[in-house]
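> What follows is a protein structure lacking sequence information:
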């Protein structure tokens, strides 16, 4: 398992990258659908909002730089 603050594309990848823009978005202990992001975030380095409910049960919208909130 990788440490919090780091990201990898999937469980089998040996390419581990520091989430340098906002480390708290990357939580290694969360591994749902090959994502290692806090809720609401997805994508490379956990820097995108899950706008289509691809990972989370709620749609999330971008509310600023590296900031996502649930859509109402």
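In hand now; what should we look at? Not measured: the values here are computed from a predicted model.
> Return the residues in contact with residue 19.
Residue 19 makes contacts with 5, 6, 7, 25, 26, 45, 46, as judged by Cβ atoms under 8 Å, 6 or more residues apart in numbering. In this view, the C-beta of every residue, glycine as well, is placed from N, C-alpha and C.
> measure it to residue 63 for me?
Using Cβ to Cβ, to the nearest Å, residue 19 is found at 19 Å from residue 63.
> Restrict the contacts of residue 19 to the buried ones and give me that as a ChimeraX selection.
Listed next is the ChimeraX selection for buried residues among these, using 16 or more other Cβ atoms under 10 Å:
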select :6,7,25,26,45,46
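> With respect to residue 55, which of the contacts of residue 19 is nearest?
Nearest to residue 55 among those: residue 46, at 10.5 Å, using Cβ to Cβ.
> isn't the closest one right next to residue 24, touching?
No. Using Cβ atoms under 8 Å, residue 46 is not in contact with residue 24, being 9.3 Å away.
> Return every residue with contacts to both of those two.
By Cβ under 8 Å, 6+ apart, residue 46 and residue 24 have these common neighbours: residue 38.
> Now do residue 29, the pLDDT please.
Per-residue pLDDT puts residue 29 at 66.
> again, but for the one 3 residues further on
On pLDDT, residue 32 comes in at 59.
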